[in-house]
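In: build me a model:
(chains A and B)
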2 protein chains.
Amino acid sequence: MQMVNATGERTITDLSIDELRAIDTNEKRTVTTHGIIHNVRDMGDFAFVIIRKIGGLVQCVYTMQDTEEERRILSEENSVRVTGELRAEERAVNGFEIAVENIELLSEPKEELPLSVSKRKLNIALENEIEIRPVTLRNEQRRNVFKLQEGIVRGFRRYLEDNGFTEIFSPKIIAAGAEGGANIFKLDYFGKKAFLAQSPQTYKQTLIPVYERVFEIAPVFRAEKHDTARHLNEYVSVDFEMGFINSFYDVINMETGMIKYCFDYLRENYALVLKKLNCELPVFDTIPCVKFRDAKEMVAKKYSRKIKDPYDLEPEEERLIGELFKEDYNSDFVFVTHYPVKKRPFYAMDDPEDPKYTLSFDLLFRGMEITTGGQRIHDYDEQVKKMIFKGLYPEDFESYLMLHKYGVPPHGGLGMGLERLVMKLLDEKNIRSTSMFPRDTTRLNP
Amino acid sequence: MQMVNATGERTITDLSIDELRAIDTNEKRTVTTHGIIHNVRDMGDFAFVIIRKIGGLVQCVYTMQDTEEERRILSEENSVRVTGELRAEERAVNGFEIAVENIELLSEPKEELPLSVSKRKLNIALENEIEIRPVTLRNEQRRNVFKLQEGIVRGFRRYLEDNGFTEIFSPKIIAAGAEGGANIFKLDYFGKKAFLAQSPQTYKQTLIPVYERVFEIAPVFRAEKHDTARHLNEYVSVDFEMGFINSFYDVINMETGMIKYCFDYLRENYALVLKKLNCELPVFDTIPCVKFRDAKEMVAKKYSRKIKDPYDLEPEEERLIGELFKEDYNSDFVFVTHYPVKKRPFYAMDDPEDPKYTLSFDLLFRGMEITTGGQRIHDYDEQVKKMIFKGLYPEDFESYLMLHKYGVPPHGGLGMGLERLVMKLLDEKNIRSTSMFPRDTTRLNP
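Out: Presented below is the predicted three-dimensional model:
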């Protein structure tokens, strides 16, 4: 009988880019590494073989032997293990290259790729690109988009951890929707009607008396029928909720701090990704907050528009608010506060100074809403009353209302659409560019 | 027009437990903090008012005035802001207490709680407890269960980040299931048939040629009809996948390293949580790996059992393997390797030495499977052949098969059930104890 022991020690000994970079090239050391052949440039007597690895590309120099075997190995998207002398080469991307002594073929594609992923620009229509994302994501620019996404999530998490937030995992299959409306996916759950969570709202709130501050970064599902450049039917929501607030401005300040921290974190830890994506992060000290009503009036005045519906904000108005605050206040961000009651869900707290409005806000970034938040109702009677006002049946929300019935401090929070933030950071025109495998009304694949 | 600027600076100035703890009690400082009244012990002339905050409990001492207002305020689950002198008190949980000078009522429950959450033991049947989780989670023991969950996730993430894994967010609404079988939730997606992802398997693999190593910690959905103490229909899966492996033992070693790192991380950062939960983390150097066939034989021999089905492992056998390895090898963990082909999905690589078995493994922890993993097929023809062998139609997996068609290095990975790990760590008998809002065949609420 054969028995092995797993030690947890490293068993893959091929060197990483960081390890290669750390070697003194004067040592003329023979190194072994692995990667996928990203590109081969045949120079006659020799070829530049660029391999793709964690963290970027490595240049290898291969002396041509002109064999059948060699032609098979030196082909794009082959997986190889390379051994050779590490030497300095200023023109190579990391300041070094490997003079190949041995190259081992580990795996090879069945077919030639439908397009070369090593080009700087892919020159393919977005619609077609999405179809073959398993291929196009291998392009450097594309893979950096989702490295940036990763970096943002890491930055947010670190900030929230430092500020005492507990990470939660709330269920996605639920008995009743929190955001209301018809935009909810239904499914059969062992003979019962169930839904996919539009947000972790009710769970975040339920956990306020438990942890005081909670966050979750997870998928949410919206069965919205409109097929626009800024909507997805499944997206990643950055959600947090905090207790013992004095007003919703505490939530606004927490988010401002979170974004600032995150951008600093990216500058420090994702500098190369930002550079490759040509992404300049906005630098700012403060974010202006303006009331919904005032923002509408400012836009009407500056751009000579008529206010059609004083209780709604059109995407074009959102865009113009963004433009105005960029031009007049040099700010990429603006908090629009005090949204009308009819635009906000049942858990939003009314403004005691004017109950047609709520103690809520959106954060606009470069003219697009990326966050919705506000103070929530904590009083039981007030919550029940508002549910009825909104046409809901409190008896459908028995579990949720335990929160109010058994006590919860004043609290508020927000939800941010991760893909939208990345979209605006990269000045993309379509949110499908910043969702790896986007879900829209017609797309379930890849 | 009123405009405010959000600075990102702290706007909630009430002190945290850490801040209170850092104050020299000789200073006799007057401090302000907030919390939820966890418990009131009336001592006649005065009362101990214990408030619940981020990070634990704080003892306040209140001198009774015997007023109506006072009786209203000093009630469990009220949210309060407290001001008073901070003084040393060895018998209090943090070594200090607050001599209350002012107490402000911020919010109060509508009704008395169905049970007191401040007791050490709740004395309530699990079934009933789950019904009122919004209340019972306020109990210290309960909230610590999910603090431990958080700590484990943080530990895993840090390890995976350090080892070059990229964090991904794969879609949960999908066109085809990866794990096969009938155990999949169906939903209507704008008139098309869609499913809820049983695992991020196909996406993890698709991203191997992009990032080489990826991970995701997210919900997965299994429409399994059996209602047991160890199954949930929605759970949190810790998934990783890594390229350029030499064998599945590289995956096993990565997981061993991850668990070791995580336990060290918990000992350092969650010591209080572990102590309160009475949780002793296993200490180990190595984890034994044993072949499926051999494990079955060892159990049959030691416990004088007959092997009924050589290609399946019953839960009881799993339990006995755990027992055997604890008794004979003093190990809480054991990797069982080389599972039969018929027990593994279509992407599992066959063992070239015996194609009735696969290059795969389970990790058992204290007699229960908490992880399934293995090496995946990377060759296109081999994958197509195996799909057909498994009764699947390759044309249903066009997007997935782009991976193999356009090249992927040898790779493998695993998925771990987070709730199961916590369950076994805490010696809980039912997985519903370690899922905040469990989903089983009959439960959608809370």
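In: can you give me the helices in the stretch 201-350 of chain A?
Out: A:201-206, A:208-211, A:248-269, A:271-276, A:292-302, A:315-329 (DSSP state H, counting those that start in this stretch).
In: what angle sits between the fifth one and helix A:315-329?
Out: Spelled out, it's helix A:292-302. Note on geometry: by axes from the mean of the first three to the mean of the last three C-alpha atoms, to 10 degrees, helix A:292-302 and helix A:315-329 are set 80 degrees apart in direction.
In: and A:E161, what does it touch?
Out: A:167, B:154 (C-beta atoms under 8 Å, 6 or more residues apart in numbering or on different chains). For the C-beta atoms, the positions are set from N, CA and C on the backbone; glycine is no exception.
In: so it belongs to a helix, correct?
Out: Yes - residue state for A:E161 (DSSP: H, G, I helix; E, B strand; the rest coil) corresponds to a helix.
In: mind pulling up the pLDDT for it?
Out: pLDDT recorded at A:E161 is 98.
In: which of the helices of the stretch 201-350 of chain A sits closest to B:N269?
Out: Counting by C-beta to C-beta, B:N269 lies closest to helix A:208-211 out of those; the figure is 16.3 Å.
In: can you give the contact residues for that closest one?
Out: A:165-166, A:168, A:214, A:241-243, A:403, A:406-409, A:411, B:36, B:54, B:77, B:137-138, B:143.
In: out of those, list just those in helices.
Out: With DSSP state H as the criterion, helices contain A:403, B:143 from among the contacts of helix A:208-211.
In: buried subset of the contacts of helix A:208-211?
Out: A:165-166, A:168, A:214, A:241-243, A:403, A:406-409, A:411, B:36, B:54, B:77, B:137-138, B:143 (16 or more other C-beta atoms under 10 Å in any protein chain shown).
In: got the domain ranges for chain A?
Out: A:17-107, A:140-434 (automatic domain parsing).
In: tell me which of those domains sits most buried.
Out: Sort these by mean neighbour count, taking mean count of other C-beta atoms under 10 Å in any protein chain shown, and domain A:140-434 sits at the top with a mean of 20.
In: that one spans what distance, first to last residue?
Out: 14 Å (C-alpha to C-alpha, to the nearest Å).
In: show me the shaky parts of chain A.
Out: A:1-2, A:177-181 (pLDDT under 70).
In: at 90 what do you get?
Out: For chain A, applying pLDDT under 90 flags the ranges A:1-4, A:66, A:93-94, A:120-121, A:176-182, A:226-227, A:308-309, A:312-315, A:396.
In: next one: stretch A:302-314 to chain centre, how far?
Out: Mean-position distance between stretch A:302-314 and its chain equals 31 Å (C-alpha atoms, centre = their mean, to the nearest Å).
In: need the contact partners of that stretch.
Out: Contact with stretch A:302-314 is made by A:292-293, A:295-297, A:299-300, A:317, A:320, A:324, A:328, A:336, A:340, A:342-343, A:356, as judged by C-beta under 8 Å, 6+ apart.
In: repeat that with 10 Å
Out: Residues from elsewhere that reach stretch A:302-314, judged by C-beta atoms under 10 Å, 6 or more residues apart in numbering or on different chains: A:292-293, A:295-297, A:299-300, A:316-317, A:320-321, A:323-324, A:327-328, A:336, A:339-343, A:356-357, A:362, A:364, A:369.
In: ok, now stretch A:42-49?
Out: Under C-beta under 10 Å, 6+ apart, the answer for stretch A:42-49 is A:35, A:37-41, A:58-64, A:66, A:70, A:73-74, A:76, A:78, A:80, A:82, A:92, A:97-100, A:103.
In: rerun that using 7 Å as the cut-off
Out: Residues from elsewhere that reach stretch A:42-49 (C-beta atoms under 7 Å, 6 or more residues apart in numbering or on different chains): A:37, A:40-41, A:59-64, A:74, A:100.
In: which of those fall in strands?
Out: A:37, A:40-41, A:59-63, A:100 (DSSP state E).
In: turn those into TSV, including distance to A:F190.
Out: Below are the ones in strands among the contacts of stretch A:42-49 laid out as TSV (distance: C-beta to C-beta, whole Å):
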residue	distance to A:F190
A:I37	49
A:V40	55
A:R41	58
A:Q59	57
A:C60	56
A:V61	61
A:Y62	59
A:T63	65
A:V100	58
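In: closest to B:P109 out of these?
Out: Closest to B:P109, out of all of those and judged by C-beta to C-beta, is A:I37, at 65.0 Å.
In: the residue lying closest to A:D328 once chain neighbours are set aside and A:L324: what is the separation?
Out: Once flanking residues are discounted, A:D328 sits nearest to A:K302: 7.9 Å by C-beta to C-beta, 6 or more residues apart in numbering or on different chains. According to C-beta to C-beta, to the nearest Å, A:K302 stands 6 Å off from A:L324.
In: same check, this time on A:A271
Out: 32 Å.
In: relative to chain B, how far out is the residue nearest to A:D328?
Out: 13 Å (C-beta to the nearest C-beta, to the nearest Å).
In: just A:I37 next, same as before
Out: Distance from A:I37 to chain B, by C-beta to the nearest C-beta: 9 Å.
In: A:L364 now?
Out: On the measure of C-beta to the nearest C-beta, A:L364 and chain B end up 13 Å apart.
In: and A:D42, by the same measure?
Out: 20 Å.
In: show me the beta-bridge partners of that residue.
Out: Listed by DSSP bridges, the beta-bridge partners for A:D42 are A:A47.
In: mind listing what A:E129 touches?
Out: A:122, A:136 are the contacts of A:E129 under C-beta under 7 Å, 6+ apart.
In: list the contacts of A:F365.
Out: A:332-333, A:421, A:424.
In: bridging residues for it?
Out: Judged by DSSP bridges, the bridge partners of A:F365 are A:F333, A:M368.
In: same thing with A:M3?
Out: According to DSSP bridges, beta-bridge pairing links A:M3 with B:V290.
In: what about it, how many residues nearby?
Out: Residues contacting A:M3 under the criterion other C-beta atoms under 10 Å in any protein chain shown number 13.
In: ok, now the one 3 residues further on?
Out: Other residues near A:A6 number 25, with proximity taken as other C-beta under 10 Å.
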